[in-house]
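# Next input, structure requested:
(chains A and B)
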Protein chains: 2
Amino acid sequence: MAGALGLALLGGCVSGDGGSGFGDRASALPPSLAYRLTQSLTTEVGPRLAGTPREAAARDWAVRTLKDLKFGRVAVEPFTIKGWAREREEAFIVSHGDQALAVTALGGSISTPKAGITAPIAFVASYDDLLLAPPDAYAGKIVFINDRMKAARDGSGYGVAVRKRSRGAIEAAKRGALAVAIRSVGTDNTRFPHTGNMNYDAAVKRIPAAAVSNADADQLERLHAMGVPMRLKLVLKTRAIADAPSGNVVADIVGVEKPDEIVLLAAHLDSWDLGTGAVDDATGVAIVVAAALKAAGPEMKPKRTIRVVLYGAEEVGVHGGDAYAKAHAGEIANHVLATEADFGTGRVWRFASKALEADLPFFDSVAAGLRDLGVERGDNKSGGGADIAALAKKGVPIVGLSQDGTTYFDYHHTANDTLDKVDAAALEQNVEVYARVARAFANR
Amino acid sequence: MAGALGLALLGGCVSGDGGSGFGDRASALPPSLAYRLTQSLTTEVGPRLAGTPREAAARDWAVRTLKDLKFGRVAVEPFTIKGWAREREEAFIVSHGDQALAVTALGGSISTPKAGITAPIAFVASYDDLLLAPPDAYAGKIVFINDRMKAARDGSGYGVAVRKRSRGAIEAAKRGALAVAIRSVGTDNTRFPHTGNMNYDAAVKRIPAAAVSNADADQLERLHAMGVPMRLKLVLKTRAIADAPSGNVVADIVGVEKPDEIVLLAAHLDSWDLGTGAVDDATGVAIVVAAALKAAGPEMKPKRTIRVVLYGAEEVGVHGGDAYAKAHAGEIANHVLATEADFGTGRVWRFASKALEADLPFFDSVAAGLRDLGVERGDNKSGGGADIAALAKKGVPIVGLSQDGTTYFDYHHTANDTLDKVDAAALEQNVEVYARVARAFANR
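Numbers count the residues shown, from 1 in each chain, chains lettered A, B, ... in the order given. The predicted model follows:
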């Protein structure tokens, strides 16, 4: 498969230039490098859950691809994680004709007993309402948390909505629940449930946790409004994997004047298992790889080193970000910039930063150089993204490039996150933005 | 649940008037009767596969509802069918990292062996190409048929595309295939596979048949283009049900002058099992019920009888249509009109007919009375719809009201056919159109 991939991947231009992508059926232009990278990773590797052989296949793909693209140093930096996999997930409204609900286990959830959990639903309007409920409020029940995520260009609905996914099992268990089901953290109106990581608290009983699709949550909402008590059957089978292998792929275009100084471009290689991880985060991988090459120029001789880090195990707890910060603790001060692409396929519209006061004029000048691409200057409070948060905390200068996330959460963490959702033209705008930023810092 | 339904259903107006529906979140108007009927059937009954207890629940719902709405005669006309149910459906591209494909069994398909069928894929570009292949061309293989359906207002892409669903298993088996998988007959780009009925031929070996979602078919197409042979594992488990109960629900608003003359408004009560059958065909049920009441007027005294027939077992072979024609053979000549609503939630844009030459001026005048609703006059070659085709063949005059089907096949026969897809405003236009037609013929 490697040979065929190489051919498919390198059949066109490799500079990151080259117009709209393969997905643009109206266009006769050849697909761009970024589009071909997205296509190659999502098609040939497909789903690549952290800690599984498919994530390992993604690392192999990345090493092969980055070497083919003439990156100077390409290495896997391995680490291990506590892995997790889903095996079975079903739910039925047994009180109402056994209607099947489209559900998915949240990442990290324990299993139900083999026969499932059948119990009355406690319909809770929002996570905030759950927090207000007294202890034992939901004893013997399956808690359903119904708040709906709002779509927004900056994705600001996510932080509020994701609380129920992240901590719903803990807060429901504290109040006696047998299991928790949440309205999916997503902005679509389909029957695709959205998975995503959830947490337990060592001091609180672990209960199974699932997400229900938005269309099914609407169904529960309507039945609840009719006032007839509902009973749900929830069957989850999941599996914990001790010492699952993961790793980061680190690839450098070595600088010719200051090789020890690093401009770091980040994305993550792993995806959830349900889809092929196109907008989360194959597009990010494609953007940073294509942008690094474009920034380095045809002679591949930037002043400083341009480093692409394709992180492992982001979805299941940002393990790659932590591993990189640990493995590279000695050279963190050498990082002159870190920036990350992990928000899908929308156009970049804002340049935020986290820089020292003295450095702001330079950051401002880089931002000003993006105006013709529709990018405005944001504030100086950027945290970067999940994978580079550990670097940001240690003082590495950050550029946060906000992509338009209006539709991102329609597909995020669903089976429907596939290549056809990628906007090839917007992808090229991203490559150009990231390339200008990387070039500016690499050649400063 | 009956009581709660009655309350929910009858909480507002019952005339079919009343603005936009519940689904229109921006609107403060109360939901219309048609919208409430759609909501009630899809929420309280949900999926209602022919021959199952859920179809029986839909008949109970219909009888209760039509009686509540003061239809004068409400009866179930039972018949039995050969039932079918799905139990398990999975597929994996075993040659390419065991990538899971979103598949669904076609209605009527036999099972694979328990361990599935694992075989090379024969990638066939179109059903026409399949027909051109010689005998034994696909011996030992799983045939995949890739042609894509085109979206159109009149749904004209369906007839071409559905051939592979209807006869793909027969034609592939004739050429030695072990199983057949088709690109879904649908116009969406999602991972929802589209089910639908398929046929066997007594003279040809039966092989299992499945549909693959469009996004997964794209994936197969890309992998095929890379030239690496693919192997597929397909696991289907289905179940045949002998003598499964079904039935039509027939409800009359009895005419005061010519009670024996019948204006028949048709829709079907059964749905596929994957979704809640909102656009196929709860909206049709809602349209004809609300239109019948509106046509009859507040005093419920039309000259002729307005009959609503909610057919059973349409999806699995139009059994209700045949049963009605047989049971009512003696009064077929009394049917002055039959018309059907089974094309979702789009606005009516064309009035076609099948009338005697002498009657055309009257049909033309009825059509002319719909112009302000955006309806144009079509030809005189209408076949009606599936359920009334048997009546049309026997000479019953037909009006065929074409709904805008541009998005209908995005949801048709998928898990994603749910209430949120219903356009409440367009639904009211349908009710008004069907009501005007029914009134014109009933009071002629």
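# Which of the three states applies to A:Glu416?
You called it Glu, but residue A:416 is Asn. Assigned by DSSP: H, G, I helix; E, B strand; the rest coil, the conformation of A:Asn416 is coil.
# Please tell me I have it right and it contacts B:Ser213.
No - contact between A:Asn416 and B:Ser213 fails when scored by C-beta atoms under 8 Å: they sit 9.1 Å apart. All C-beta atoms are positioned from the backbone trio N, CA, C, and that covers glycine.
# So which of the two has more stuff around it?
Set A:Asn416 next to B:Ser213 and count neighbours by other C-beta atoms under 10 Å in any protein chain shown: A:Asn416 wins out with 30 against 26.
# where do the contact lists of A:Asn416 and B:Ser213 overlap?
In terms of C-beta atoms under 8 Å, 6 or more residues apart in numbering or on different chains, A:Asn416 and B:Ser213 are both contacted by the residues B:Thr190, B:Arg191.
# quick one: the residue most central in space within chain A from chain B, how far?
Nearest residue to the geometric centre of chain A (C-alpha atoms, centre = their mean): A:Asp280, 4.4 Å. Counting by C-beta to the nearest C-beta, to the nearest Å, the gap from A:Asp280 to chain B is 15 Å.
# Spit out the contact partners of that residue.
The contact partners of A:Asp280, taken as C-beta under 8 Å, 6+ apart, are A:Ser271, A:Trp272, A:Glu315, A:Asp342, A:Gly344, A:Tyr408, A:Tyr411, A:His412, A:His413, A:Asp417.
# A:Thr118: neighbouring residues, count only.
Here the neighbour count serves as a burial measure; for A:Thr118 (other C-beta under 10 Å) it reads 16.
# Check which residues of the lengthiest strand in chain A are buried.
Longest among the strand segments of chain A by residue count, using DSSP state E, is strand A:231-253. By neighbour count, with 16 or more other C-beta atoms under 10 Å in any protein chain shown as the criterion, the buried positions of strand A:231-253 are A:232-238, A:244-253.
# Phi and psi next, for A:Ser353.
Comment: the main-chain dihedrals of A:Ser353 come out as phi -150, psi 170, following degrees, to the nearest 10.
# Is the residue nearest to it when sequence neighbours are not counted in a helix, a strand, or coil?
Excluding the flanking residues, the one nearest A:Ser353 by C-beta to C-beta, 6 or more residues apart in numbering or on different chains is A:Phe363, at 4.7 Å. Applying three-state DSSP to A:Phe363 yields a three-state assignment of helix.
# what sits against A:Phe363?
For A:Phe363, the residues meeting the contact criterion (C-beta under 8 Å, 6+ apart) are A:Ser353, A:Ala355, A:Asn380, A:Pro397, A:Val399.
# of all these, which comes closest to B:Lys326?
Nearest to B:Lys326 among those, counting by C-beta to C-beta, is A:Val399 at 73.9 Å.
# Shouldn't that closest one be within a strand?
Yes - counting by three-state DSSP, A:Val399 is part of a strand.
# what's the helix or strand for the nearest residue to A:Leu49 once chain neighbours are set aside?
Once flanking residues are discounted, A:Leu49 sits nearest to A:Asp273: 4.1 Å by C-beta to C-beta, 6+ apart. When elements are defined using DSSP states H and E, A:Asp273 is found to belong to no helix and no strand.
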